[in-house]
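Engineer: build me a structure from this.
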Amino acid sequence: ERGGVTVSLRNFWKLWPKSIGADERGVQVSIMPDLPADEYADIDHELEDKLYFAVMGGVHKLHRGVAKTHELLVDFHAAGDDPGVVEDLTAQCNLPPVAAATAGWYAYSGAFWHITPRVEGEFDRYEQFVDEILAGFLRGREQGREYGMLNFGDWWGERGFNWGNIEYDTQHGMMMQFARTRERAWFDNAVRAARHNLDVDMIHHAAPGQKLGVPYCHCLCHTGDYYPKGYRPTGIFGGGSNSGHLWTRGNLEYALMTGDERAMRVALRTADWLAGDYMVGYRMSKGAERATAWPLFGVMAAYHVTGDEYYLNAAHIITREVIREQNPEKGHWDIPAGYSKVIPMPIGGYAWCAGLLLTSLEMANEYLQDPELDRTYVKAAEWLARDEWIPDRKGFRSTSCNSVNAAVTPGFECYRTPTAMLHAYELTGDRKFLDIAHVGFSYAVRRGAGSSKGGSTQLTLTPHILPKLKAAGITSLDTSQWEENVRLQARD
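Structural biologist: Residues are numbered from 1 along each chain as shown. The predicted structure follows:
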């Protein structure tokens, strides 16, 4: 008679198990409700390590370092309020209003680096392609039942059994698409991916030997350690982290787009580790170029957000090491061709990883303004165009070994290499770089949209390709007029 209260938990069932109830004492919301010992005894145990690993046996099992966020709406209102108002409040709890600028403003601001708004009649096949990526993510979540307190926002299936831990920065790729299109679904799913990554994948409390603020890379149950080695043939049973599997761009963008201060602190904690402990005795990894690229992206994103020279200093250390380690004659970084079965293993690198590295170098050099870094960049681009691009097959080979050439199909490894080719064109004016980027990327889009790991791969750098092509006078992915140039390269 005196009034009422509305309580809503954001993503209530999507973050299962949850409970809510009321009695004479009031309303009780349980984010980790009591579980009968046999609550999940009758599940399909093929799904246990995917969906039920944290709730088996009637207990909640959280890995050390997890810090899960929950959001509740509590509204006290007068008796007799319109039920429709209550329903609106609940809807707003799950999908709160979003204040957004125009796509043109986002592009002009540079906050997402180089992007271009979605424009009808420009790159239409690419726009259809990214729409299909989003549909694939949503379809995969629904069909794969990718829900639960520790799961929602992530994607499953890396190497068949691992949770992806948003590999290749899923939230960043999605937030860029929101900035380009202002389509709400991109924003909502970027938020879900970021919150999962910030809460579950990140090490908030470190055991001896662990790195505080660094995320776990893809593994069973997000953090590993729930099941013994060998439980799944291709599953990664022990959680670990490395420089080739960490990201800051999407988490920082999420913090800026929502005002989530905790997210900003957590994302900068990752950048702080990269710019601090990781720089002590720093040497370029010879496992793959991406192990250098992601840390460089990470500190540059933090510098872009904060203007703190601490992060730019780390970028300087990394780039000087990249210059020092480059093979002066061939342009690569003398990285063993890991996919090769040839003995002794050929030396060169991975085109797709090199594409990531070169793009991170471009981002860094916009601030460092180091001419020697530009020369390093062009030398590496020449290596990619000369040795790793297979003209007759219109794609890059996966690694520097002739034994893999026959596996190259049109557009292969052309989601992360075109940005590198296009910046080399910007630096040199050499048309071969533009032709390779245009043809390779056009065929890559024709290969079809992926979801989960594939979709993240396709979203990571491709928005940066469009403004570079547009600056070169290209707004279509019809390559018929350009392919003769590529065929000529094959004959030269």
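Engineer: number of nearby residues for residue 407?
Structural biologist: 13 (other C-beta atoms under 10 Å). Glycine gets a C-beta too; all of them are placed from N, C-alpha and C.
Engineer: can you pull out the helices in the stretch 351-492 of the chain?
Structural biologist: Secondary structure of the stretch 351-492 of the chain (DSSP state H, counting those that start in this stretch): helices located at 351-368, 371-383, 418-428, 431-446, 452-460, 462-471, 483-491.
Engineer: got those as TSV, with mean pLDDT and mean neighbour count columns?
Structural biologist: As requested, these are exported to TSV (pLDDT from 0 to 100; neighbours: other C-beta atoms under 10 Å):
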stretch	mean pLDDT	mean neighbour count
helix 351-368	98	24
helix 371-383	98	19
helix 418-428	98	23
helix 431-446	97	24
helix 452-460	96	23
helix 462-471	98	21
helix 483-491	57	14
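Engineer: take these and write them to CSV, including distance to residue 84.
Structural biologist: Converted to CSV, the helices of the stretch 351-492 of the chain look like this (distance: least, C-beta to C-beta, whole Å):
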stretch, distance to residue 84
helix 351-368, 49
helix 371-383, 59
helix 418-428, 49
helix 431-446, 45
helix 452-460, 37
helix 462-471, 40
helix 483-491, 59
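Engineer: residues in contact with the nearest residue to residue 59 once chain neighbours are set aside?
Structural biologist: For residue 59, ignoring the flanking residues on the chain, the nearest one in space by C-beta to C-beta, 6 or more residues apart in numbering is residue 35 at 7.0 Å. The contact partners of residue 35, by C-beta atoms under 8 Å, 6 or more residues apart in numbering, come to 17, 55, 58-60.
Engineer: again, but for residue 104
Structural biologist: Here residue 104 is in contact with residue 117 (criterion: C-beta under 8 Å, 6+ apart).
Engineer: gap between it and residue 256?
Structural biologist: Applying C-beta to C-beta, to the nearest Å, the value for residue 104 to residue 256 is 18 Å.
Engineer: between the contacts of residue 35, which is closest to residue 153?
Structural biologist: Top of the list for closeness to residue 153, among the contacts of residue 35 and by C-beta to C-beta, is residue 17 at 16.8 Å.
Engineer: three-state assignment of the closest one?
Structural biologist: Three-state call for residue 17 (DSSP: H, G, I helix; E, B strand; the rest coil): coil.
Engineer: against residue 43, how distant is it?
Structural biologist: Per C-beta to C-beta, residue 17 is found 13 Å from residue 43.
Engineer: re earlier: list buried residues within the contacts of residue 35.
Structural biologist: With neighbours counted by 16 or more other C-beta atoms under 10 Å, the contacts of residue 35 contain buried members at 17, 55, 60.
Engineer: check contacts around the last one.
Structural biologist: Residue 60 makes contact with 32, 35, 54 under the criterion C-beta under 8 Å, 6+ apart.
Engineer: look up how far residue 54 lies from the first one.
Structural biologist: What it means is residue 32. 10 Å.
Engineer: those two: who's more crowded?
Structural biologist: More crowded of residue 32 and residue 54, by other C-beta under 10 Å: residue 54, with 21 against 16.
Engineer: hang on, the earlier thing: how about CSV for the contacts of residue 60, with pLDDT, distance to residue 450 and secondary structure added?
Structural biologist: Below are those laid out as CSV (pLDDT from 0 to 100; distance: C-beta to C-beta, whole Å; DSSP: H, G, I helix; E, B strand; the rest coil):
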residue, pLDDT, distance to residue 450, secondary structure
32, 97, 34, coil
35, 96, 36, coil
54, 98, 28, coil
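Engineer: of those residues, closest to residue 156?
Structural biologist: The closest of these, once distances to residue 156 are taken by C-beta to C-beta, is residue 54, at 14.2 Å.
Engineer: might one say that the closest one is in contact with residue 61?
Structural biologist: Yes. Taking C-beta atoms under 8 Å as the definition, residue 54 is a contact partner of residue 61 at 5.1 Å.
Engineer: overlap in contacts of those two?
Structural biologist: With C-beta under 8 Å, 6+ apart, residue 54 and residue 61 have common neighbours residue 226.
Engineer: give me phi/psi at the most centrally placed residue in the chain?
Structural biologist: With distances taken as C-alpha atoms, centre = their mean, residue 169 lies nearest the centre of the chain, 1.2 Å away. Note on residue 169: backbone dihedrals following degrees, to the nearest 10 are phi 70, psi 60.
Engineer: rewinding a little: which one of the contacts of residue 60 is nearest residue 111?
Structural biologist: residue 54 (36.0 Å).
Engineer: quick one: that closest one from residue 195, how far?
Structural biologist: Counting by C-beta to C-beta, the gap from residue 54 to residue 195 is 17 Å.
Engineer: and what of residue 372?
Structural biologist: For residue 372 relative to residue 195 (C-beta to C-beta), the value is 41 Å.
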